[in-house]
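Undergrad: Just need the structure, nothing else, for what follows:
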Amino acid sequence: MAASLNGILGGLLCVVLIVVAVEDMRKHRIRNLYTFPMVAVGLSFHALSGGLDGLVFSLKGLGLGIAFLIFPYVLGIMGAGDVKLMGAVGAVVGSRGALVAFLLTCVAGGVLAVIVMVLNWKYTMKRLRAAWTAVRALPPEGRASGEASGGDSKKPGLPYGVAIAAGTIAFMALEWLGYDVSHLLWT
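TA: Have a look, this model is predicted:
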């Protein structure tokens, strides 16, 4: 019975991730409406099915998921919704699952970045030309004399919720297929 409930929890997380990915692509926003209930469900499920150990399992995942993206958020690279979504993933899959899902998310994020660059080719070329101009203008000592020109207020966004969804769903699919991907990290 616990395995079927765990399957239901994984299925629910997949549905939430797909909904979030679509909304993040369309509106570049991840709402608390999705992340907070998923955290509550993950914590509750693991606490009810595993007692205190289950709760600790879920809390470790929640904390690690948040820790992975908190620094990019503080630096202004990532939105708060992305941080909360990765925390929700961790609350469901635990700390080892959060780590593997995060690593797969990084790969998915790189692929997504290339896709965004290709889809926004004119903007990408404009920024590359500005960067090349700035590099050529460097004095021989190698100190930059200022910021590269060519900035644009309409820069394309990177809906990282899509990468989080892809990385997490890939992790869960590998686990479902019987691959213990966490053993690659721990021997």
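
Undergrad: now the most centrally placed residue in the chain: how far from residue 138?
TA: For the chain, the residue nearest the mean C-alpha position is residue 164 (3.4 Å; CA atoms, centre = their mean). Using CB to CB, to the nearest Å, residue 164 is found at 37 Å from residue 138. (Glycine included, C-beta is placed from N, CA and C.)

Undergrad: Where does residue 138 sit: helix, strand or coil?
TA: Secondary structure, DSSP: H, G, I helix; E, B strand; the rest coil: residue 138 is coil.

Undergrad: That one - how many residues pack around it?
TA: By the criterion of other CB atoms under 10 Å, residue 138 has 11 neighbours.

Undergrad: just checking, residue 124 touches residue 117?
TA: Yes - using CB atoms under 8 Å, residue 124 makes contact with residue 117 at a distance of 4.6 Å.

Undergrad: Next secondary structure element downstream of whichever helix in the chain runs longest?
TA: Taking DSSP state H as the criterion, the chain has its longest helix at helix 32-74. Scanning forward in sequence from helix 32-74 by DSSP states H and E, the next helix or strand is helix 80-119.

Undergrad: Specify the angle between that following helix and helix 32-74 in degrees.
TA: Taking axes from the mean of the first three to the mean of the last three CA atoms, to 10 degrees, helix 80-119 and helix 32-74 form an angle of 70 degrees between their directions.

Undergrad: Where does residue 156 sit: helix, strand or coil?
TA: Under three-state DSSP, residue 156 falls in the coil class.

Undergrad: can you pull the contacts of it?
TA: 116, 119, 120, 123 (CB atoms under 8 Å, 6 or more residues apart in numbering).

Undergrad: Show the low-confidence segments of the protein, by residue range.
TA: Per-residue confidence of the chain (counting by pLDDT under 70) places the weak regions at 1-5, 140-155, 182-187.

Undergrad: Apart from its neighbours in sequence, what residue is nearest residue 176?
TA: residue 10 (7.5 Å; CB to CB, 6 or more residues apart in numbering).

Undergrad: Just give me the neighbour total for the one you found.
TA: Neighbour number of residue 10 under other CB under 10 Å is 18.

Undergrad: buried ones in the helix or strand containing it?
TA: Residue 10 is part of helix 2-27 when elements are defined by DSSP H and E. For helix 2-27, a neighbour-count test (16 or more other CB atoms under 10 Å) marks 9, 10, 12, 13, 16, 17, 20, 21, 23, 24 as buried.

Undergrad: can you give me the angle the longest helix of the chain makes with helix 2-27?
TA: Counting by the same axes, to 10 degrees, helix 32-74 lies at 70 degrees to helix 2-27.

Undergrad: if we can go back for a sec, the residue nearest to residue 176 contacts residue 173, correct?
TA: No - at 9.8 Å, residue 10 does not count as touching residue 173 under the criterion of CB under 8 Å.
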